[in-house]
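Colleague: Take this sequence and fold it.
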Amino acid sequence: MLDLLLNPIRRAIEGVGWAMAQLGWVDRERARRVADLAWPRIVTGVARMSKSTADVGMVGTALGASAIAGVGYATPFWALAFTFGGGVAGGTISLVSQRYGAGQRDATSVAVKVSAVFALAVTVPLVALFWAVPEPLIRLIGTGEEAVAYGARYLRIVSLAMPFAALNLVGSRALVGANDAWTPMVVRAGGAVANVALNALLIFGFDLGVVGAAVGTVVANMAGTGAFAWGLTKGRLPFVGAVPVRIDWAAPHWRPSTARHLAEIATPLALTNLVQNGSQFPLLAIVGLFGPEVVAAFVIALRVRDLMNTPGWGFGLASSSLVGQSLGQGREQEAEAYAHDTLRFSVAVYALVALIVFMGAYPISHLFVQDGSVAPTAAALIRAACVAVVLWGVMNGAMGPLRASGDTRWPLYGQLLGLFAFTLPAAYVGAVTPLGMSGLYLALLFETGVPAAVTYARFRSEQWKLVSRNYRPAVSEA
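Modeller: As a prediction, this is how the structure comes out:
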């Protein structure tokens, strides 16, 4: 299955880059380097989001719309692993790319070890909380006894995967920051494919329902962490080969300046993720006012939107890596050129993907549920998500250089403004006035459009190049 993903995605990404270079919109060599780093990460994203999408489809087929809603209610809690772990990992790629670009291998090793400690510190307490009281937490946003019960069972088990998911993000970003997107793809995309097969066995073969989906996720994330630990410790991974980052387990294991820089970069990123992912808590609560069928349709649309967002995983990280390496070498003009070309490349791919999904929205909705009251609503929400996801492409493309430079506060400001001033009010007005479903369509557009505008404005200001000087390897590592 993984092989089936590789060639079409790689050729599509390289083809778009070639066409844009022919038109003079991007530099050919920079487009090639961006594509080389981006496509493996996009494959990883497609595989992992396909796994999440398949989970929804399988539990919906086995148990119905209530199970879809239950998993949807649990997902924002489970996603906190990526909220906080992704924030730490964003700091990892910033520090690793700059130190790798400057040839400081010892400092790179320390950055990875410090990041791993941070990742565990922010996820282990969540495991204890979600294991202890899953049902009261689900009830904060969930409606319907059956859906709440499904959500609580799923959340209790899947929470065990959270520390492993965060460590996988750190390992992945460390390698991407050192120009290796292939190894993370093999580990994480391969794990996602195996996860789908395992979940199918547990859900249908052993009739474990949502618990089976959760157990499969735990096992897959544990295996991924083991693979990264082996590769980063040994400097190579079986069947993959050498990796560019190797953890030196001799001292030093901790540098205060590295921890301080990581905290300064990662905290705004984690808070940005918290606002972005945490918005699902109040948003799902508001969507619940429309009824369980609309909740199921909305969850389906979010899964499709997440799948369409996978190019951002590749282009955002490629930009962070290449821009960060150029900044680490003091080449600011080169960093800016990579940033602009990657942004253009990203938006073009997003637009192409969104157009394809927009045209196939109705048959796509039927892949999840056959209920005649859910599928048409899901199709309409998917089309709104197609428009919104192009704006997400702008945001991800502009965020890459900000993350590489350590200028990570403005995306947070954009998320806060978009959520509280536009997204939630639009959804609520739709729920309590004749605006109806149009409020949800607007909410999807505001959720990505406002942060995209703020992040892009900060990127255009070029202040991120000045901010980066505070975090470059030349700064004392005392």
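Colleague: Tell me where the stretch 101-250 of the chain has helices.
Modeller: 105-132, 134-139, 145-158, 162-176, 182-184, 190-200, 209-234 (DSSP state H, counting those that start in this stretch).
Colleague: Quick one: mean pLDDT over the fourth one.
Modeller: Here the mean pLDDT over helix 162-176 is 91, rounded to a whole number.
Colleague: do the last one as well
Modeller: Here helix 209-234 scores 89 as its mean pLDDT.
Colleague: tell me the angle of that helix relative to helix 105-132?
Modeller: Angle between the axes of helix 209-234 and helix 105-132 is 160 degrees (criterion: axes from the mean of the first three to the mean of the last three CA atoms, to 10 degrees).
Colleague: elements contacting helix 209-234?
Modeller: helix 28-63, helix 65-78, helix 145-158, helix 162-176, helix 190-200, strand 236-237 (3 or more CB pairs under 8 Å, 6 or more residues apart in numbering; DSSP states H and E). Heads up, the C-betas are built off the backbone N, CA and C, glycines and all.
Colleague: try the shortest one
Modeller: The contact analysis (3+ CB pairs under 8 Å, 6+ apart) places helix 182-184 against helix 28-63, helix 162-176.
Colleague: which stretch among those helices comes nearest residue 437?
Modeller: Proximity to residue 437 (CB to CB) singles out helix 28-63 among the helices and strands packed on helix 182-184, at 20.5 Å.
Colleague: how close does residue 60 get to residue 22?
Modeller: Separation of residue 60 from residue 22 (CB to CB, to the nearest Å): 44 Å.
Colleague: Kindly report which one of the helices and strands packed on helix 182-184 carries the lowest mean pLDDT.
Modeller: helix 28-63 - the lowest mean pLDDT of these, at a mean of 78.
Colleague: tilt between that one and helix 209-234?
Modeller: Interaxial angle, helix 28-63 versus helix 209-234 (the same axes, to 10 degrees): 150 degrees.
Colleague: just the helices of the stretch 101-250 of the chain: most buried one?
Modeller: helix 162-176 (a mean of 28; mean count of other CB atoms under 10 Å).
Colleague: what about residue 60 and residue 22, which has more around it?
Modeller: residue 60 (24 against 10; other CB atoms under 10 Å).
Colleague: Identify the residues contacting that one.
Modeller: 67, 68, 296, 368, 369 (CB atoms under 8 Å, 6 or more residues apart in numbering).
Colleague: Closest one of these to residue 349?
Modeller: Using CB to CB, the contacts of residue 60 come closest to residue 349 at residue 368, 24.5 Å.
Colleague: Quick check, pLDDT for that closest one.
Modeller: Looking at residue 368, its pLDDT reads 72.
Colleague: Let's have the helices and strands packed on helix 182-184 in CSV, adding distance to residue 464.
Modeller: Output for the helices and strands packed on helix 182-184, formatted as CSV (distance: least, CB to CB, whole Å):
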stretch, distance to residue 464
helix 28-63, 18
helix 162-176, 18
